[in-house]
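In: with the input below, show me the fold.
(3 chains)
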Amino acid sequence: MTPLLQVESLSKFYGNHLGCGEVNFTLWPGEVMGIVGESGSGKSTLLNCLAGHMAPDTGRVIFDTRTNGPRDTVTMTESERRWLARTDWAFVHQNPRDGLRMNVSAGGNVGDRLMAVGARHYGDIRRQAQDWLGRVEIDQARIDDRPRAFSGGMQQRLQIARNLVTGPRLVFMDEPTGGLDVSVQARLLDLLRGLVRRLGLSAVVVTHDLAVVRLLADRVMVMKDGRVVEQGLTDQVLDDPQHAYTQLLVSSVLQV
Amino acid sequence: MSEAMIEISGVAKRFVLHNQGGVVLPVMEGAALSVHCGECVALVGASGAGKSTLMRMIWGNYRCDDGSIQVAGLELCSAEPRDVIALRRTKLGYVSQFLRVIPRVPTLDVVAEPLLAQGMDESQAQVRARMMLTRLNIPERLWSLSPTTFSGGEQQRVNIARGFIQDWPVMLLDEPTASLDAGNRGVVLDLITEAKVRGAAILGIFHDAEARGTVCDREVDVTGFTPARSAA
Amino acid sequence: MTDYNFAYLDEATKRMLRRAILKAVAIPGYQVPFSSREMPMPYGWGTGGVQVTAACLVPEDTLKVIDQGADDTTNAVSIRKFFARVAGVETTEATARASVIQTRHRIPETPLTEGQILVFQVPIPEPLRFLEPRETETRTMHALEDYGLMHVRLYEDIAKHGEIARAYAYPVRVEGRYIMDPSPIPKFDNPKLDNSPALQLFGAGRECRIYALPPYTRVESLDFEDYPFTASKAAGQVCAICGAEDSYLDEVITDDAGGRMFVCSDTDYCATRVAAQAEDAA
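Out: Down below sits the predicted model:
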């Protein structure tokens, strides 16, 4: 089996300040990896470098493309990267407003990626949009409503539908449950878990919420000040943390 | 004798508490045992002697500092996360004392999940889940509710249903009969016996001596693995 | 009037414009930036078109200027007079006689021929502008052919109105490559863009962009397979003056009591037909 994503000594600086440094990991098909750490630890910088939103200063990000096998996404052309971003990759933003077209209907939002890869049959696009609204538990009668009229949880589910409609193989998630009420979070987590399992997706999930990591991720990477301080099996890292920072992080979670 | 599904030797474990002055707590040393197909072995020893620690090391959520832990042929001490994940998906089952689930997910789905993770078709998995829940006397009216609201005994039974829904070759049981009434205890012991008959290798912690006597073939006392307290 | 250089602009400016035009012709549908000059008329009155026309004119040319199809409205009359004065070229209202035609928002009904130049006045050259406000991003989108957004807009139209509701400035794809705004011509005129024997030039003065369709360029109007493009006009109406069924019609309100009539928007086409009918009758 070929790894889906191989990251080799990836670093990103903001001037003299380290964004993230010397990150190495391998993600296999079907794996979900969590990245945890507090604000400013470099986890979002890392995610943006992986997803091609930002160019790293050093290192390689090798993605196993469908047609040409493993390719370094850092050195490929912008058009190749954009093509990946709308076919094999998905990016779920913390704030659905960043990931949705707020002045385009729900159906148009889901159909966007289809049209971007060349779908030109209105009826087909609409059927697929309807199907995906159903899969993320949005009433199909609301296909022509704009996301503005949706609740936060619905917007987030719409963002997920919009991302998954082209059948990506790798999903990047930046605090996917971040802005949601606790009760809505649970439902979204369950939905994500089901989708990941049914579609055999791989995912990299950035979050500061250890409960989210425990429920979603097979593996976890702990970051502090731009460096990876510990990584491994999720329950091993959370139940038997080795690094001082991880121990502090795990012991700081409020028990309900 | 059939092949050993769990094979442990020279296992040591210590905790380093970085946020408490870097205290090093050695909790285990020279642990060794093996469990073969079709046998059920009980871990015994006083509370705090390290039964649960050893179980967790075999499950893989505790790191092993020294020695070797082989489960169904995989060396856990040096395994990659994905190998451990694959082992847990197909070969190693674990019934813990605590149910850990996503809130608001129906009990039926919670129980069916291990089968879905293996790629079983949803309706088929649900049929199996119904059978397990019926057998463990969870009333059908509760199936569509989340187990997070259930009583301790009900949660434990949901946990067992989930743990036994798949025919694991290796199983770890942490107090499976605790907080169960006599009737349900009998059901669980039957499940364990059935698992043994089909050839599962089982390692368990049973405080309930009678249950232990019924299903366990032998006992391993973990007191012998406790390091000398000289380190303190 | 000899105080002006021929066709108002100095030769250096014309050279700059011609370079931009040549580049535009070489890359059909691509918006070429140029350093637009102040012209003796306000933006929105055809400053882009006038500069392109000035750069194209030679003394032997015959110029026609139309505004929404008409030769006799303010904008058309003043631009025609402007060039008659600063270039001394012959002017005409007959489409077939003209070698250069500057137009605002129409393509003449009379088919154009090889050797003719049609100059469009363009207010907003960027077809993606109302979908994506950042110029850097729209340029990248053109460069990478990242055009899904354009269809999202058409999708929204169908979802909301049951059809693609754009009646003018209907976006086209040029030679299967660049998406282009054909200027605010009615979509009725879109088919005339395709495979035209004439050279079609587009000038946007305020936005400093020139683009072009060389003769015989493939121009397709965007659509969906199940919602194909249709070149529509006022349904079931004929010209009240000449009786034409095939021309684009303007609706003219004739009184305060709801009276109205439909007449050809192309005044030359209408007048030519009326003259021919009078001849036949005679």
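
In: the nearest residue to C:Tyr30 once chain neighbours are set aside and chain A: what is the separation?
Out: Computed as CB to CB, 6 or more residues apart in numbering or on different chains, the closest residue to C:Tyr30 that is not its neighbour in sequence is C:Tyr178, at 5.4 Å. For the C-beta atoms, the positions are set from N, CA and C on the backbone; glycine is no exception. Remark: distance between C:Tyr178 and chain A (CB to the nearest CB, to the nearest Å) = 15 Å.

In: go on, B:Glu29?
Out: Distance from B:Glu29 to chain A, by CB to the nearest CB: 17 Å.

In: who are the neighbours in contact with that residue?
Out: B:Glu29 makes contact with B:Ala12, B:Phe225, B:Thr226, B:Pro227 under the criterion CB atoms under 8 Å, 6 or more residues apart in numbering or on different chains.

In: correct me if wrong, but it is in a strand.
Out: Yes - assigned with DSSP: H, G, I helix; E, B strand; the rest coil, B:Glu29 falls within a strand.

In: tell me who's in contact with the residue nearest the centre of chain C.
Out: Of all residues in chain C, the one closest to the mean position by CA atoms, centre = their mean is C:Phe120, 3.7 Å from it. The neighbours of C:Phe120, taking CB under 8 Å, 6+ apart as the test, are C:Gly49, C:Thr103, C:Arg104, C:Pro182, C:Ser183, C:Ile185, C:Gln200, C:Leu201, C:Phe202, C:Gly203.

In: can you lay out the residues you listed as a markdown table showing neighbour count?
Out: Putting the contacts of C:Phe120 into a markdown table (neighbours: other CB atoms under 10 Å in any protein chain shown) gives the following:
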| residue | neighbour count |
| --- | --- |
| C:Gly49 | 26 |
| C:Thr103 | 24 |
| C:Arg104 | 25 |
| C:Pro182 | 29 |
| C:Ser183 | 26 |
| C:Ile185 | 23 |
| C:Gln200 | 27 |
| C:Leu201 | 27 |
| C:Phe202 | 25 |
| C:Gly203 | 33 |
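
In: pLDDT score assigned to the residue nearest to the centre of chain C?
Out: For C:Phe120, the pLDDT comes out at 98.

In: what is it paired to in the beta sheet?
Out: Beta bridges link C:Phe120 to C:Thr103, C:Phe202, judged by DSSP bridges.

In: burial count for residue 185?
Out: I went with chain A, as the question did not name one. Using other CB atoms under 10 Å in any protein chain shown, A:Gln185 has 23 neighbouring residues.

In: wait, I meant chain B there
Out: Neighbour tally, B:Arg185, other CB under 10 Å: 18.

In: so it: helix, strand or coil?
Out: Following three-state DSSP, we place B:Arg185 in the helix state.

In: ok, now which ones touch the nearest residue to it once chain neighbours are set aside?
Out: Excluding the flanking residues, the one nearest B:Arg185 by CB to CB, 6+ apart is B:Thr177, at 4.8 Å. By CB under 8 Å, 6+ apart, the contact list for B:Thr177 reads B:Arg185, B:Val188, B:Leu189, B:Phe206, B:Asp208, B:Ala211.

In: if you rank those residues by neighbours, which is first?
Out: B:Phe206 (26 neighbours).

In: now do that one against B:Ala32, distance only.
Out: B:Phe206 sits 21 Å away from B:Ala32 when distances are taken as CB to CB, to the nearest Å.

In: wait, a strand at B:Pro26?
Out: Yes - checked against three-state DSSP, B:Pro26 lies within a strand.

In: what about whatever residue of chain B ends up closest to chain C, how many residues nearby?
Out: Of the residues in chain B, the one nearest chain C is B:Glu122, at a distance of 32.2 Å by CB to the nearest CB. For B:Glu122, the neighbour count with other CB under 10 Å is 13.

In: does the residue lying closest to it once chain neighbours are set aside belong to a helix, a strand or coil?
Out: Once flanking residues are discounted, B:Glu122 sits nearest to B:Leu116: 6.6 Å by CB to CB, 6+ apart. Here B:Leu116 is helix, with the state taken from three-state DSSP.

In: next up, the contacts around B:Leu116.
Out: Applying CB under 8 Å, 6+ apart, the residues near B:Leu116 are A:Arg197, B:Glu122, B:Ala125.

In: helix or strand for the last one, which one?
Out: Using DSSP states H and E, the element containing B:Ala125 is helix B:122-135.

In: by contact count, what packs against that helix?
Out: helix B:107-117, helix B:152-164 (3 or more CB pairs under 8 Å, 6 or more residues apart in numbering or on different chains; DSSP states H and E).

In: and of these, who's closest to C:Glu132?
Out: Each of the helices and strands packed on helix B:122-135 has some distance to C:Glu132 by CB to CB; the shortest is helix B:107-117, at 41.5 Å.

In: just want the angle from the closest one to helix B:122-135.
Out: 130 degrees (axes from the mean of the first three to the mean of the last three CA atoms, to 10 degrees).

In: what angle sits between helix B:107-117 and helix B:152-164?
Out: For helix B:107-117 against helix B:152-164, the angle by the same axes, to 10 degrees is 20 degrees.

In: so how far is the one helix or strand A:Gln247 maps to off the chain centroid?
Out: Element membership for A:Gln247, per DSSP H and E: helix A:244-251. Distance of helix A:244-251 from its chain centroid, counting by CA atoms, centre = their mean, to the nearest Å, is 24 Å.

In: now for the residue in chain B that chain A sits nearest to, how many residues are close by?
Out: For chain B, the residue closest to chain A is B:His18, as judged by CB to the nearest CB, at 3.2 Å. Counted with other CB under 10 Å, the neighbours of B:His18 add up to 15.

In: for it, give me its contacts.
Out: With CB under 8 Å, 6+ apart, B:His18 has these contacts: A:His243, A:Ala244, A:Gln247, A:Leu248.

In: between these, which sits nearest C:Ala24?
Out: A:His243 (61.1 Å).

In: tell me the residues of chain A that contact chain B?
Out: By CB under 8 Å from any CB of the partner chain, the residues of chain A that approach chain B are A:28, A:31, A:183, A:186-187, A:189-190, A:193, A:197, A:214-215, A:218-219, A:232-233, A:235-236, A:238-240, A:242-244, A:247-248, A:251.

In: of those residues, which belong to strands?
Out: A:Arg219, A:Gly232, A:Leu233 (DSSP state E).

In: what's near enough to touch the second one?
Out: If a contact means CB under 8 Å, 6+ apart, then A:Gly232 has A:Arg219, A:Val220, B:Arg63, B:Pro81 as its contacts.

In: out of those residues, which is most surrounded?
Out: A:Val220 (27 neighbours).

In: for the closest residue to chain C within the stretch 151-256 of chain A, grab phi and psi.
Out: Across the stretch 151-256 of chain A, the shortest distance to chain C (CB to the nearest CB) belongs to A:Thr166, at 10.7 Å. Main-chain torsions, A:Thr166, degrees, to the nearest 10: phi -90, psi 10.

In: contacts for stretch C:126-134 next, please.
Out: By CB under 8 Å, 6+ apart, stretch C:126-134 touches C:31, C:135, C:138, C:141-142, C:149-150, C:152-153, C:169, C:171, C:179-181, C:207, C:209.

In: and the residue of chain B closest to chain C, how far from A:Pro29?
Out: In terms of CB to CB, B:Glu122 sits 22 Å off from A:Pro29.

In: give me the distance between stretch C:73-86 and the centre of its chain.
Out: That offset, for stretch C:73-86, works out to 17 Å (CA atoms, centre = their mean).

In: again with stretch B:194-204
Out: Counting by CA atoms, centre = their mean, stretch B:194-204 comes out at 12 Å from the chain centroid.

In: what do you get for stretch A:171-180?
Out: 7 Å.

In: tell me the average confidence for that stretch?
Out: 90.

In: show me the strands in chain B, by range?
Out: Under DSSP E, chain B gives strands at B:4-17, B:23-36, B:40-44, B:66-71, B:74-75, B:92-95, B:170-174, B:201-205, B:218-221.

In: in TSV, list those along with mean pLDDT.
Out: What follows is those, written out as TSV (pLDDT from 0 to 100):
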stretch	mean pLDDT
strand B:4-17	93
strand B:23-36	93
strand B:40-44	95
strand B:66-71	94
strand B:74-75	94
strand B:92-95	93
strand B:170-174	95
strand B:201-205	95
strand B:218-221	93
